[in-house]
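# I need the structure of the sequence given here:
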Amino acid sequence: MNSPNLAARRRRIDLPLIAWLTVIWMLLWSGLTWGNLISGVVVAVLLCLAFPLPAVDLDLRLRARGILRLAGYLLYDMVASSVVVTRHALSGRHRPAAVVRVPLRCRSDLMIAATAVAVSSVPGGALVEVNAATATLYLHVTDADDPATAPRARRDVWRLEALVVRAFGTREEIARVAAEPAPPSPTGKETGA
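Next comes the predicted model:
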């Protein structure tokens with residue numbers, strides 16, 4: 001037997017993943033029994049060996065204070081945005097829409113994805129596109145006839161980005177979001193919808 005191949009397979013067994021897959025298995029079988037536990041572990045190990053995941057360096061840091069600030073802001077923003085969206089829906093007035101380009105300060109895929117998820121969880125703005133190559137989000141916003149809408153949308157996204165990075169990012173990423181964001185380039189003009 002080839003020992004480097006065996007060593008590589010041993011490294012592919014990720015205990016937290018096996019535990020998570022076992023929990024999912026037990027939930028699918030609707031019961032906490034020894035049989036479900038043992039069969040869940042066996043299935044999880046077989047899945048990890050048959051379909052190994054590549055090694056990923058997440059550079060994820062969990063900062064309790066940052067997570068609490070992010071959760072508090074998201075909760076507040078969800079309630080406030082829901083009120084605004086409800087008021088817009090009940091007013092009956094047609095509100096022109098636009099797509100706003102928001103360049104992010106962080107370049108890591110994890111922080112871009114986390115910021116995109118945070119932005120899309122708030123009512124009132126829809127995430128249209130995420131361009132990871134340029135670290136840019138494109139948002140659909142209403143009230144495009146108001147000249148303050150695009151800058152306000154950018155500020156809101158940059159604030160969410162800073163909160164996400166302060167909750168989960170590295171020191172370098174935190175330093176990057178501490179700097180003032182660069183103004184959008186003239187080629188990134190919003191398009192009316």
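
# and the gap between the residue nearest the centre of the chain and Thr134?
Closest residue to the average C-alpha location of the chain: Ala114 at 2.2 Å, with C-alpha atoms, centre = their mean. Going from Ala114 to Thr134 by C-beta to C-beta, to the nearest Å gives 17 Å. (Glycine included, C-beta is placed from N, CA and C.)

# for Ala148, same thing?
25 Å.

# cool, Gly125 as well?
Counting by C-beta to C-beta - Gly125 and Thr134 are separated by 20 Å.

# show me the shaky parts of the chain.
1-12, 56-58, 184-193 (pLDDT under 70).

# would you state the helices of it in chain order?
3-11, 15-28, 34-50, 64-91, 109-120, 149-168, 171-178 (DSSP state H).

# which other helices and strands does the longest one contact?
Helices and strands touching helix 64-91, as assessed by 3 or more C-beta pairs under 8 Å, 6 or more residues apart in numbering; DSSP states H and E, comprise helix 149-168.

# repeat that for the fifth one.
Packed against helix 109-120, as judged by 3+ C-beta pairs under 8 Å, 6+ apart, are the following elements: strand 126-131, strand 136-142, helix 149-168.

# if we use 6 Å, what do you get?
Secondary-structure packing of helix 109-120 (3 or more C-beta pairs under 6 Å, 6 or more residues apart in numbering; DSSP states H and E): strand 126-131, helix 149-168.

# just name the most buried of those.
Stretch with highest mean neighbour count among the helices and strands packed on helix 109-120: helix 149-168 (a mean of 21; mean count of other C-beta atoms under 10 Å).

# so how far is that helix off the chain centroid?
Relative to the centre of its chain, helix 149-168 is centred 13 Å away, using C-alpha atoms, centre = their mean, to the nearest Å.

# now it against helix 109-120, angle please.
Per axes from the mean of the first three to the mean of the last three C-alpha atoms, to 10 degrees, the angle that helix 149-168 makes with helix 109-120 is 130 degrees.
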